[in-house]
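[1] Can you look at this prediction? I've put the sequence above it.
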Amino acid sequence: MLHRNLEWKLAALFMAMVLWSYVTVTARIGEKSVAARVEITGVPANLALVSPPARAVVLLRGSKESLESAADQVRATANIAAPRVGRNSAAVEITQPAELTVARIVPARITVLLESLKTRHLPITCQLEGEPSPGYILSKPHISPSYARVKGPQSAINRIDQLVVKIDTSYALLGQPQSGVVAALDGAGRRVPAVKIDPQTVIVTVPVQSTIASELAPVFVPLRGNPRDGYQVLRITVTPPLITVAGEAGKIKNIPSVSTLPLSLEQASKTFSRRLSIIAPEGAASLSERNVLVKVEIAATPLLPVKPGAE
């Protein structure tokens, strides 16, 4: 009974084992797409790559455990065998872990553009940004070195209108040497990419001249009103009597005096002191004193002697 149709039974067992093996292996094998940046090789020293960065999508096949970490282990390269100015075609080659296989590469070939590498020597100009502190005039900046060498693709070199180093005068140490970064700009003031500048930084000195002057001026106290009837002002004392006024030379030169706020004497009948604020004259940037102490001495008016015979 057991030996009846033995050949068919053995064949069925074999097919079951094959099917089990296929299902087991298939469950462990998978595919994964990985994007990689294509590294261009074979570019000679006298040519420059001007094409944007290329990327390739790689379809990998292998165990699911190996595919999980495949993204960081895949490298794409394209070697230009016979480089020349203009368009060049190269096949994309993939380096991947040994336990994985490459099922597909998209794209399989890429086209890159090469240009001649050119060099120019250009002067460096200084652009001053911001406003200096009041009372200062800026002189012509001194740049060291004053020239730089620019190297890059011919199309980029041809776009360069000027080399510029920018200095912010609103907070920079004017009059002192400071470092500035050199930039290559086109005619519209935009930065030109893909060029190398040597040197990248220069030393810039922006000389300054001060227009600030100072004057020593007396303090004038304007008076309003009068003391009470029968009283008079004997003396007015101002402490300090002189203050220093600093500002733009053309505006504060030969200031006759500085004035305080008005002082009222209305109905005063005794000596008093007041602290009064000083009114800054036009063009003044600073005052040595913001207010002064004013002392007003008041006394009764002496009676006039009566002459004999006067009624």
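    Right, received. Where do you want to start?

[2] hey, which strand is longest across this structure?
    strand 109-129 (DSSP state E).

[3] For A299, list each beta-bridge partner.
    Q232 (DSSP bridges).

[4] what's near enough to touch it?
    Y231, Q232, L234, T271 (Cβ atoms under 8 Å, 6 or more residues apart in numbering). Using the backbone N, CA and C atoms, a C-beta is placed for each residue, glycine as well.

[5] Neighbour-wise, which one of these leads?
    Y231 (17 neighbours; other Cβ atoms under 10 Å).

[6] Verify the stated contact: that residue with A300.
    Yes - counting by Cβ atoms under 8 Å, Y231 touches A300, with 5.7 Å between them.

[7] Kindly state the beta-bridge partners for I236.
    Counting by DSSP bridges, the residues bridging with I236 are V296.

[8] Check the burial of it by counting its neighbours.
    For I236, using other Cβ under 10 Å, the count is 13.

[9] ok, E282 - contacts?
    Contacts of E282 (Cβ under 8 Å, 6+ apart): K251.

[10] Give me the local confidence score for the closest residue in space to R191 that isn't next to it in sequence.
    Spatially, and ignoring its direct neighbours in sequence, R191 is nearest to A183 (5.6 Å; Cβ to Cβ, 6 or more residues apart in numbering). Note for A183: predicted pLDDT of 96.

[11] Farthest-apart pair in the contacts of A299, please.
    Across the contacts of A299, the longest distance by Cβ to Cβ is 11.8 Å; it joins Q232 and T271.

[12] so what sits against both of these two?
    I298, A299.

[13] Can you list the low-confidence ranges for this structure?
    Scanning the chain for pLDDT under 70 picks out 1-28, 133-135, 171-174, 303-311.

[14] what about 80?
    Within the chain, the segments meeting pLDDT under 80 span 1-29, 66, 69-71, 130-137, 170-175, 209-213, 248-254, 283, 285-286, 302-311.

[15] Tell me where it has helices.
    6-28, 64-68, 154-159, 249-252 (DSSP state H).

[16] What degree of burial does Y136 show, as a neighbour count?
    Count around Y136 with other Cβ under 10 Å applied: 15.

[17] roughly how far apart are the residue nearest to it when sequence neighbours are not counted and L287?
    Closest residue to Y136 apart from its sequence neighbours, by Cβ to Cβ, 6+ apart: V208 at 4.9 Å. In this view, V208 and L287 are 23 Å apart by Cβ to Cβ, to the nearest Å.

[18] again with A268
    28 Å.

[19] same thing with I110?
    From I110 to L287 the distance is 73 Å (Cβ to Cβ).

[20] go on, G187?
    From G187 to L287 the distance is 50 Å (Cβ to Cβ).

[21] what are the ranges of the strands in the stretch 51-200 of the chain?
    Per DSSP state E, counting those that start in this stretch, the stretch 51-200 of the chain carries strands over the ranges 55-63, 75-79, 86-95, 101-106, 109-129, 136-138, 142-144, 147-153, 162-168, 178-185, 196-198.
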